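> Just a sequence and a predicted model for now, questions to come.
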Number of protein chains: 2
Amino acid sequence: MLIKIGGGKKNNLEYICNDIKTLIDQGEKVVLVHGASVTRDELAEKLGVPTETIISPSGISSVFTDTDAIDVFLMAYPGIVNKKIVAKLQSYRVNAVGLSGIDGQLWRGKRKTAVYSKEGEKTKLITNNMSGKVTDININLILLLLDNKYVPVVCPPALSEENEIINTDNDWAAAVMAGALHIEKMIVLFEAPGLLKKFGDESSVIKKVDKTKLDECFTYTQGRMKKKLLGAKEVFRLGLKKLYWSDGRIKNPIFKALKGEGTVIS
Amino acid sequence: MLIKIGGGKKNNLEYICNDIKTLIDQGEKVVLVHGASVTRDELAEKLGVPTETIISPSGISSVFTDTDAIDVFLMAYPGIVNKKIVAKLQSYRVNAVGLSGIDGQLWRGKRKTAVYSKEGEKTKLITNNMSGKVTDININLILLLLDNKYVPVVCPPALSEENEIINTDNDWAAAVMAGALHIEKMIVLFEAPGLLKKFGDESSVIKKVDKTKLDECFTYTQGRMKKKLLGAKEVFRLGLKKLYWSDGRIKNPIFKALKGEGTVIS
């Protein structure tokens, strides 16, 4: 089972760790992937290098990551957030091991040396963006840890073909890793009760989505959700059976997701 | 072989990685431990929470670490510095995996809930210091990685008995880990050509030290070096054969250390 926790601070780590402990006790093998975007943005602000966003010509937003932003990225993702999740899991007697995509070449990708950014009416070419999509996974490292009763806790950055540290879309990377590991169930926890029909309206949760009709969802989603949809399309293409999008803020978030309290895509 | 790299920025990572690559090609098994004190201090300054030092009644200095300081610690050690070393090693085709002491319960210690600090004439009791000495090592995790051709790159923090994230003396932790792993050769690289007879005088390198006479060295060492001496005493007590203290700034730092160009303690 692969569980992805969003980078929002309202996700309840105690509740999530408690469910993971139960899963482990039931003999489940669990791989965790997490974000840290809010921590990253707060730190960037404090350090005077605020996070900048790029909007692609097709309307997908992503973070502009120069070498300064990579440092802030490292502070937040494998630094603060990864280690706090690992320590919290340890306090629940789950023997977690934190890894970034660069450790053991876990997440390999190709850096996009040129990306286009829409700025009003203009489109700008950006060449110093340290970012790229994950294409290859070192599943041996994950399997080695799982076989020895460790719970891998994974986060970006990834490693480029030229061994640069690159920012990478976490939803896409989690999808590629789930595919490589032949994961059947994937749970994505975030600060909403599921996929919403109306942006911001938490009563508009869509309970079931047909995996062949994910394209239709793009019309009513915004920002980060569009990336989650792209990740979802990819992970089904790679063989996933069931994808759960559910609330990371509530008690028993994982078991409630599995019961279908959020959005089930299959 | 265990190699420890100090937290100073003048240590030359390219030279160090180049030697590690050669060692790996020669079939050597290598475990790396690193510091990040300069990066930590710079970040603490930028974030407005400068590093504070405690002087123990016996004159040993250490860093005061409250929960804010733990965050800065995580940013610098497992965040920026660990991942940059891992990526650099990857660029030398060394398949490094970064770990902190909390991952897989690698470094366990007991938090010192009360420490004394000399402040001028007075001695103050401090109870909110998130710090402690490493006592137990999960050598299985290190051996698992080594047996599968990974190079572990390890740094603090450690995990307390109550699963808190704690700062820990890196020289002591490296010593305990070297002992647990039955390491025979340990190399410590820093920003000096070896153990100096006169503080600051790089021409005063002591070439050989008898491991039974380490206590005598305390008379002419200052600050961090006293901690290195305590670590050295411990690692010999635990069975080490040879300890090399040498220059991390020069070309072929590891091979020069092994040739005795720095200080050899045995």
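Yep, it's here.

> State the distance from the residue of the stretch 151-266 of chain A found nearest chain B to B:Thr123.
Closest approach between the stretch 151-266 of chain A and chain B, counting by C-beta to the nearest C-beta: A:Asn163, at 3.8 Å. Using the backbone N, CA and C atoms, a C-beta is placed for each residue, glycine as well. Noted for A:Asn163: a distance of 50 Å to B:Thr123, by C-beta to C-beta, to the nearest Å.

> who's more crowded, these two?
Counted by other C-beta atoms under 10 Å in any protein chain shown, A:Asn163 and B:Thr123 do not tie: A:Asn163 has more neighbours, with 18 against 12.

> related to what we said a few turns ago, number of residues surrounding the closest residue to the residue of the stretch 151-266 of chain A closest to chain B other than its chain neighbours?
Spatial nearest neighbour of A:Asn163, chain neighbours left out: B:Ser91 (3.8 Å); criterion: C-beta to C-beta, 6 or more residues apart in numbering or on different chains. By other C-beta under 10 Å, the residues close to B:Ser91 number 15.

> what does A:Lys226 give?
17.

> Can you report phi and psi for it?
phi -60, psi -40 (degrees, to the nearest 10).

> and it, what does it touch?
Residues near A:Lys226 by C-beta atoms under 8 Å, 6 or more residues apart in numbering or on different chains: A:Gly59, A:Ile60, A:Ser61, A:Phe218.

> Same question for A:Glu261.
Contacts of A:Glu261 by C-beta under 8 Å, 6+ apart are A:Pro193, A:Gly194, A:Ser246, A:Asp247.

> top of those by neighbour count?
The most crowded member of the contacts of A:Glu261, judged by other C-beta under 10 Å, is A:Ser246 (27 neighbours).

> Would you confirm that the residue of the stretch 151-266 of chain A closest to chain B contacts B:Val94?
No. The pair A:Asn163 and B:Val94 fails to qualify as a contact (C-beta atoms under 8 Å) at a distance of 10.6 Å.

> Number of residues surrounding A:Leu146?
Count around A:Leu146 with other C-beta under 10 Å applied: 16.

> I'd guessed it sits against A:Lys29; true?
Yes. The pair A:Leu146 / A:Lys29 is scored as a contact, 5.0 Å apart, by C-beta under 8 Å.

> Shouldn't A:Ile187 be within a strand?
Yes. When DSSP: H, G, I helix; E, B strand; the rest coil is applied, A:Ile187 is found to be in a strand.

> what sits up against stretch A:31-45?
In contact with stretch A:31-45 (C-beta under 8 Å, 6+ apart) are residues A:1-9, A:20, A:50-51, A:63, A:69, A:72-73, A:75-77, A:80-82, A:85, A:96, A:142, A:146, A:151-155, A:170, A:173-174, A:177, A:181, A:183, B:75.

> Narrow those residues to those in helices?
Among the contacts of stretch A:31-45, DSSP state H puts A:Ile20, A:Ala69, A:Val72, A:Phe73, A:Asn82, A:Ile85, A:Ile142, A:Leu146, A:Asn170, A:Ala173, A:Ala174, A:Met177 in helices.

> Touching, the fifth one and A:Ser100? I think so.
What that stands for is A:Asn82. Yes. Counting by C-beta under 8 Å, A:Asn82 touches A:Ser100, with 7.1 Å between them.

> which residue sits closest to whatever residue of chain A ends up closest to chain B, ignoring its sequence neighbours?
Chain A approaches chain B most closely through A:Gly79 (2.5 Å), counting by C-beta to the nearest C-beta. Spatial nearest neighbour of A:Gly79, excluding adjacent residues (C-beta to C-beta, 6+ apart): B:Gly79 at 2.5 Å.

> Spit out the contact partners of the residue of the stretch 151-266 of chain A closest to chain B.
B:Ala87, B:Gln90, B:Ser91.

> and if you look at A:Val86?
A:Ala96, A:Val97, A:Gly98, A:Val153, B:Ser100, B:Ile102, B:Asp103.

> Ok, A:Lys124 next?
Applying C-beta under 8 Å, 6+ apart, the residues contacting A:Lys124 are A:Tyr116, A:Ser117, A:Lys118.

> Weed out the non-buried ones from the residues you listed.
A:Ser117 (16 or more other C-beta atoms under 10 Å in any protein chain shown).
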